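Asks: Next input, structure requested:
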Amino acid sequence: MSFMLENEVYDILKAAGFSTPLFQIAKSGQDIKTTTFSQGQEVVLKGLAPDLWHKSDLGLVQFQNFDTTQTAQTIDQMRSKLPSPYQWAHALVLEKISFQKSSSLPTEIFFALKHDDSCGWILLWGIGGVQSELWAHQIPPLNIPLQAFSEKDTFKKMKDHLISQIILGTVRGGKALTQEQEIYSLVQKIYRLLPLLDEKSIQLLEINPLVLNSQGEFIPLDGVGVVETKSALTSKAPCRSLQKLFRPQKIGIIGVSKRQNSPTNIILENAKRSQTEVLVINDYTELETNPVDLLIVGINPKNTFELCNNLLQLGKGADYLYLVTGGILDGSDHEGFGKQILHALKVHREAGKWTPTIIGPNGLGLISSPLGLNTMFIPQDKLEIKYQPKSPLALISQSGAYLITRFSSNLELHPKYAISIGSKMDLKISDLVDVFEQDPELTTLGLYVEGFDVDEALRTAQKMKQSKKNFVLYKGGRSSLGAQAAQSHTGAMMTEFGVIQSLFSLPNVSLCQSFTEWSVKLKWLAKYPQYTKNSSWGFITNAGYESVGSGDFAKHAHYQMTSDELKSVQTQIEKHNLQSLVTAANPLDLTPMASEEVWLDCIDAFFQTPIQTLLLGIVPLTQRLNTHDQEKIRDFGQKVFALGQKYNKQIGIIIDSGSNFDLYRETLKSLGLLTFSSIEEASLIF
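Replies: Presented below is the predicted three-dimensional model:
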């Protein structure tokens, strides 16, 4: 890794069409005897050194009127006072740029380009100057993954940030310092700059501040950068069919032992209950004459490495290798087996030779409902899988434990397919999105990801953008990015989750803040795949606190009823003589005096409006509701369900009560109605 000096930053910016200050390089005072600067001209002197991010902190930025003798003395003084461990590079003599300011608002801009391994080029755009980090805590800079957005999209995002509003003069009492066209022109230059940065292996370019001259043009007043050449260890896994992975005709298991409760033995017992042929493989040579679609590998790291090499030499054996094995490509892989496997795959693929696609290592298994196939090493008495071949849902989890606990704790999640992908050494999230695109019956993919690999987040977002499916994503490990730029402003102002939020801000993607939100959204989308983020909502309850809570949690989702629609609801209220207690509204509080008949009539009235989704907050402790007679519960639930079917609307029922009402809750659930434990939980869909 090497450090870019300010003049080097200006050189590459000029190559992309940016305006930059005029400057002269001077290793010592002797070098300014010949100069383009005139006596008395206002200049800025800067002392530069590798890895010196903040020159002003060391007194290495000074303003003066150019004078050959005095300027030379200042440069030599800077050089002599440079503290250890910095090594003097040279001084810069720069023209002093007069730039536009505001008497009350910040006008200096923080502008940086950071290459992230998984997301590509990230643009940071925010308030700059000496206190840029302080500003960033109060008004965060934009984190825009440039390769996921067009120039026009990037321009729209930049224009909305406060610093852009200030310089465009759109804030109250503001004065325009530039025009929108100048910002759009800057965006075009930024996109022209990216291939130049790639060509020179530049990983970071930071400008602070970027200012506006008297003509409204953007001019950088300082800049640093980082150059780092990275070699790609991985290669693109060959595209395989969904059939081979989730509907294999034949699977093999290698590593079955005499120990009854060993992981591979449990996998074997689970897999034998499926509709696919299962083979116990004792030696890789058996695969030469009897290849399989999917080979599950449960042997030690050294033997796994040897197996992979042997199959590569054989040129056949299995389309997919699923590595249950741990200790590969992690902290305990002291022999480097993982890197050796990846290198061998890369060599064979670049030579056009056959390779398998590897899933894992450290994978827990997969589920395929159409085959009744379970390859997880969790015994049936610990985790019973309910297969749903017609389910519109598929799950992808980097953590096997996360996947099985969702199955265990959320009995309404019944995916068609589910897979634990472990450490993702070969098959990536983006590859699985491609695989699941092959099944048009799937409408929703749930993803739990702890970390993205090289270009993986960018490729995944691009695949999602092209897809017509819904995606529910939880991204774990929300720590700070920028270890290589830890000393820079960029390292302090750029967060991984901020980039992920920007990258996955797509109409068909829900990026979740909690595990509960992930589960709730999957429940909704598995039941109602037509649900969209901007669906209009209605809420009916018999408890005032839920009516208030729906406003708090549902935010702006409630549909605003017209006067005629409210009259229709009021007619139903008056029909049951509740007008002294209940007023037509959305949310509607029916009070504990409402019977099942009142509920049904009001649901019908709500469904005759544009409302697409209706939440029913039923507090069952009232005497007006039959909550312990299963036949009457069933009759009510069937009528509610029928109304949803009649109007093609979506229904969720909240039963915020204890175990005394399990019969009520479970009976409604058995009829195919979505149930939730609280308004807070149900409202997470928003």
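Asks: Need the single longest strand in the chain, by residues.
Replies: Identified as the longest strand of the chain according to DSSP state E is strand 202-212.
Asks: can I assume L445 sits in a strand?
Replies: Yes - L445: assigned to a strand according to DSSP: H, G, I helix; E, B strand; the rest coil.
Asks: what sits against it?
Replies: Taking Cβ atoms under 8 Å, 6 or more residues apart in numbering, we find L445 in contact with 393-396, 433, 436, 469-472. To be clear about C-beta, it is placed using only N, CA and C from the backbone, and glycine gets the same treatment.
Asks: now do I25
Replies: I25 sits next to 7, 31, 90-92 when contact means Cβ under 8 Å, 6+ apart.
Asks: One more: V449?
Replies: Contact analysis of V449 by Cβ under 8 Å, 6+ apart lists 398, 429, 473-476.
Asks: any idea how far it is from L329?
Replies: Between V449 and L329 the computed distance is 17 Å (Cβ to Cβ, to the nearest Å).
Asks: And the contacts of stretch 55-64?
Replies: Contacts of stretch 55-64 from elsewhere in the structure, counted by Cβ under 8 Å, 6+ apart, are 42-48, 52, 70-71, 74, 78, 81-83, 86, 96, 130, 222.
Asks: and those residues, which of them are in strands?
Replies: Within these, residues falling in strands by DSSP E are 42-48.
Asks: Which of these are buried, as a ChimeraX select command?
Replies: Here is the ChimeraX command that picks out the buried ones among those, judged by 16 or more other Cβ atoms under 10 Å:
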select :43,44,45,46,47,48
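Asks: Just the mean pLDDT for stretch 405-421, thanks.
Replies: Per-region confidence: stretch 405-421 scores 88 on mean pLDDT.
Asks: give me the low-pLDDT residue ranges for the protein?
Replies: Along the chain, segments meeting pLDDT under 70 span 231-234, 239-240, 411, 478-496, 533-534, 554-557.
Asks: Find the residue at the geometric middle of it.
Replies: Nearest to the mean C-alpha position of the chain, by Cα atoms, centre = their mean, lies I500 at 4.0 Å.
Asks: Helix or strand: which one has L616?
Replies: Counting by DSSP states H and E, the element that carries L616 is strand 613-617.
Asks: Quick one: list the elements packing against that strand.
Replies: When contacts are defined as 3 or more Cβ pairs under 8 Å, 6 or more residues apart in numbering; DSSP states H and E, strand 613-617 sits against strand 537-541, helix 544-554, helix 596-607, strand 650-654, helix 679-682.
Asks: now the helix or strand following it, how far from the chain's geometric center?
Replies: Under the assignment DSSP H and E, the closest C-terminal helix or strand after strand 613-617 is helix 630-647. Mean C-alpha position of helix 630-647 versus that of the full chain (Cα atoms, centre = their mean, to the nearest Å) differs by 39 Å.
Asks: And stretch 52-72, by the same measure?
Replies: Taking the mean of its C-alpha atoms, stretch 52-72 sits 44 Å from the chain's own mean (Cα atoms, centre = their mean).
Asks: Stretch 215-233 too?
Replies: The gap between where stretch 215-233 is centred and where its chain is centred comes out at 25 Å by Cα atoms, centre = their mean.
Asks: can you pull the buried residues of it?
Replies: 218-226.
Asks: Quick one: the residues you listed as TSV, columns for distance to A418 too.
Replies: Output for those, formatted as TSV (distance: Cβ to Cβ, whole Å):
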residue	distance to A418
F218	50
I219	54
P220	50
L221	54
D222	51
G223	48
V224	47
G225	44
V226	41
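Asks: Identify the residue spatially nearest to V93, adjacent ones excluded.
Replies: Excluding the flanking residues, the one nearest V93 by Cβ to Cβ, 6 or more residues apart in numbering is Q24, at 4.6 Å.
Asks: contacting residues for that neighbour?
Replies: Under the criterion of Cβ under 8 Å, 6+ apart, the neighbours of Q24 are 31-32, 35-37, 92-94.
Asks: Apply 10 Å and report the result again.
Replies: Applying Cβ atoms under 10 Å, 6 or more residues apart in numbering to Q24 gives the contacts 7, 31-32, 34-37, 43, 71, 90-95.
Asks: same deal with V509?
Replies: Contacts of V509 were listed using Cβ under 10 Å, 6+ apart, and they are 445, 447, 460-461, 464-465, 467, 469-473, 503, 533.
Asks: same thing but 8 Å
Replies: Taking Cβ under 8 Å, 6+ apart as the contact definition, V509 lies against 461, 464, 470-473.
Asks: measure it to S391 for me?
Replies: To S391, V509 is 20 Å away according to Cβ to Cβ.
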